[in-house]
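Engineer: Can you look at this prediction? I've put the sequence above it.
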Amino acid sequence: MAEFNVATRVQGGVKIIDLKGYLDAHTAPDLEKTFNRLIEEKNYKVIVNFEELKYISSAGLGVFMAYIETMRENSGDIKFAKMKDDIYNIFDLLGFPVLYEFFKEEKDALEKFNLKL
Amino acid sequence: MNTENKILQDKLVIKSKTDNLSKVREFITSLAQNCGLKNQDIQKIVLAVDEACTNVIKHAYNYSPEGEIIIQTKCLSDKFIVSITDKGNHFDPNLVPEPNLQLFQKEKKKGGLGIFLMRKLMDEVYYRNISNEQNQVELVKYF
């Protein structure tokens, strides 16, 4: 079975989601649960840290597509950080860079959120 | 690369469960490596096959875990071919619209990207109905 782990932490009023391992149709529901919980807690500012993510399929990309509007409707966003090139290429193939913000470092994404405060 | 004209072929049969996707990815990685494909191409093929199997699990078998999926690979002198066969509901890829990310996002959709991604990742993608009410997707990558 694919190894996948999703953990959350808080940094400067923003929720950070750390992804680890393989995000596919089997593991995507775990990430959905995390987003549902963040929304219940009214946490709409989210940074996803991809540093330890090894693999993503469209089921994983679909989770971001399904939740970003709710975050933006509530003055938040989902921003991506520390994505490796091979993972970024998949987001790029599907046109995500036009609609989502990608940052090299987590602190850059954090700064972008704070600019809007 | 397989320099002789000998055809190397292999087969994996799985039940239609998403926890088998990692098994499919390992199988394809190893066969594509044996065929001599570049790492970058192997990653693309693995993802395309994952997408094809995910579609079969979701749409052909409607998440029923008892369905059978047959994955076969062929290593030819100029290309690597993967076929994914199922006996589930027939599926017409032409009825699936091109993804409109902006619209999907507004509608809070979580699916609809797989077929488009498969076409982007592979050189050729074919859908067929074969005998015994079987559906088959064939994915081709040239060296």
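Structural biologist: Looks like it arrived, so ask away.
Engineer: Around A:D77, count how many other residues there are.
Structural biologist: Residue crowding around A:D77 was assessed by other C-beta atoms under 10 Å in any protein chain shown; the count is 19. For glycine as for every other residue, the C-beta is placed from the backbone atoms N, C-alpha and C.
Engineer: gap between stretch B:10-22 and the chain center?
Structural biologist: What separates the centre of stretch B:10-22 from the centre of its chain is 11 Å, taken as C-alpha atoms, centre = their mean, to the nearest Å.
Engineer: That one close to chain A?
Structural biologist: Yes. Contact between stretch B:10-22 and chain A, assessed by C-beta under 8 Å from any C-beta of the partner chain, occurs at B:18-19, B:21-22.
Engineer: ok, and for that stretch, which residues are buried?
Structural biologist: The neighbour-count criterion (16 or more other C-beta atoms under 10 Å in any protein chain shown) identifies B:12, B:14, B:16-18, B:20-22 as the buried residues of stretch B:10-22.
Engineer: which two in those residues are spaced the farthest apart?
Structural biologist: The most widely separated members of these, counting by C-beta to C-beta, are B:L12 and B:T18 (15.6 Å).
Engineer: one step back: which one of the residues of stretch B:10-22 next to chain A is nearest to A:S58?
Structural biologist: Using C-beta to C-beta, the shortest approach to A:S58 within the residues of stretch B:10-22 next to chain A belongs to B:L21, at 12.1 Å.
Engineer: close enough to count as contact, that closest one and A:A25?
Structural biologist: Yes. Between B:L21 and A:A25 a contact is recorded at 6.3 Å, counting by C-beta atoms under 8 Å.
Engineer: Three-state assignment for the spatially most central residue of chain A, please.
Structural biologist: For chain A, the residue whose C-alpha lies nearest the mean C-alpha position (C-alpha atoms, centre = their mean) is A:V48; its distance is 3.3 Å. Of the three states, A:V48 takes strand according to DSSP: H, G, I helix; E, B strand; the rest coil.
Engineer: which helix in chain A runs the most residues?
Structural biologist: In chain A, ranked by residue count with DSSP state H as the criterion, the top helix is helix A:58-73.
Engineer: From the contact counts, what lies against that helix?
Structural biologist: Helices and strands touching helix A:58-73, by 3 or more C-beta pairs under 8 Å, 6 or more residues apart in numbering or on different chains; DSSP states H and E, are helix A:28-40, strand A:45-56, strand A:77-81, helix A:96-99, helix B:39-55, helix B:101-106, helix B:114-121.
Engineer: Name the residues of chain A found near chain B, please.
Structural biologist: Proximity of chain A to chain B, by C-beta under 8 Å from any C-beta, involves residues A:1-2, A:22, A:24-26, A:28, A:32, A:55, A:57-59, A:61-63, A:65-70, A:86, A:90, A:93-96, A:98-99.
Engineer: rerun at 7 Å
Structural biologist: When proximity is defined by C-beta under 7 Å from any C-beta of the partner chain, chain A lies next to chain B at A:1-2, A:22, A:24-26, A:57-59, A:61-63, A:65-66, A:68-69, A:86, A:90, A:93-96, A:99.
Engineer: before we move on, the earlier item: please name the residues that touch the closest residue to the residue nearest to the centre of chain A other than its chain neighbours.
Structural biologist: Counting by C-beta to C-beta, 6 or more residues apart in numbering or on different chains, the nearest residue to A:V48 once its immediate chain neighbours are dropped is A:I17, at 4.8 Å. Contacts were defined as C-beta atoms under 7 Å, 6 or more residues apart in numbering or on different chains; by that measure A:I17 touches A:6, A:8, A:34, A:46, A:48-49.
Engineer: Next, find the distance separating the spatially most central residue of chain B from B:N20.
Structural biologist: With the centre of chain B defined as its mean C-alpha position, the nearest residue by C-alpha atoms, centre = their mean is B:V49, 2.9 Å away. Separation of B:V49 from B:N20 (C-beta to C-beta, to the nearest Å): 12 Å.
Engineer: Alright, calling it a day.
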